[in-house]
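Asker: Predicted coordinates and the sequence they were generated for:
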Amino acid sequence: MKKVKPKVGPPFKAPELVKVPITVKLPKWLVAWMHKHSDQQGISRAVMIEQALTEKHGIEPPKPKQK
């Protein structure tokens, strides 16, 4: 009998939803504020930035293409 290995790793993401690391310089006071509030809210600073940009500019992530 052949053993089936469970899938390892995160679930598949559509290519247009994959996150890309970038470097951004921000003032120290803003980074300190983000650090304090991200800990209080239990979310990462990257998620805070993503939420702020999408809300401020009224944009939404693209819908993944159906296969």
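Answerer: Perfect, I can see it now. In this text the structure is predicted, and so the values were computed from the model without any measurement. Numbers count the residues shown, from 1 in each chain.
Asker: in which helix or strand would I find Lys3?
Answerer: Using DSSP states H and E, Lys3 is not contained in any helix or strand.
Asker: pLDDT value on it, please?
Answerer: At Lys3, the pLDDT value in this model is 77.
Asker: so what's the backbone phi/psi at it?
Answerer: The phi/psi pair for Lys3 (degrees, to the nearest 10) reads phi -80, psi 140.
Asker: Could you list the residues in contact with stretch 33-47?
Answerer: Stretch 33-47 is contacted by residues Lys19, Leu26, Val31, Met48, Ile49 when judged by CB atoms under 8 Å, 6 or more residues apart in numbering. Glycine gets a C-beta too; all of them are placed from N, C-alpha and C.
Asker: and the helix or strand where the fourth one lies, C-alpha only, in PDB?
Answerer: Using DSSP H and E, Met48 falls within helix 45-57. Listed next in PDB are the C-alpha coordinates belonging to helix 45-57 (Å, rounded to 0.1, in the frame of the first residue of the first chain):
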ATOM      1  CA  ARG A  45       2.800  46.400  10.900                       C
ATOM      2  CA  ALA A  46       2.700  45.200   7.300                       C
ATOM      3  CA  VAL A  47      -1.000  44.500   7.700                       C
ATOM      4  CA  MET A  48      -1.500  47.900   9.300                       C
ATOM      5  CA  ILE A  49       0.100  49.600   6.300                       C
ATOM      6  CA  GLU A  50      -1.900  47.400   3.800                       C
ATOM      7  CA  GLN A  51      -5.200  48.200   5.600                       C
ATOM      8  CA  ALA A  52      -4.400  51.900   5.800                       C
ATOM      9  CA  LEU A  53      -3.500  52.200   2.100                       C
ATOM     10  CA  THR A  54      -6.500  50.200   0.900                       C
ATOM     11  CA  GLU A  55      -8.900  52.200   3.100                       C
ATOM     12  CA  LYS A  56      -7.400  55.600   2.300                       C
ATOM     13  CA  HIS A  57      -7.400  55.100  -1.500                       C
END
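Asker: Many thanks, have a good one.
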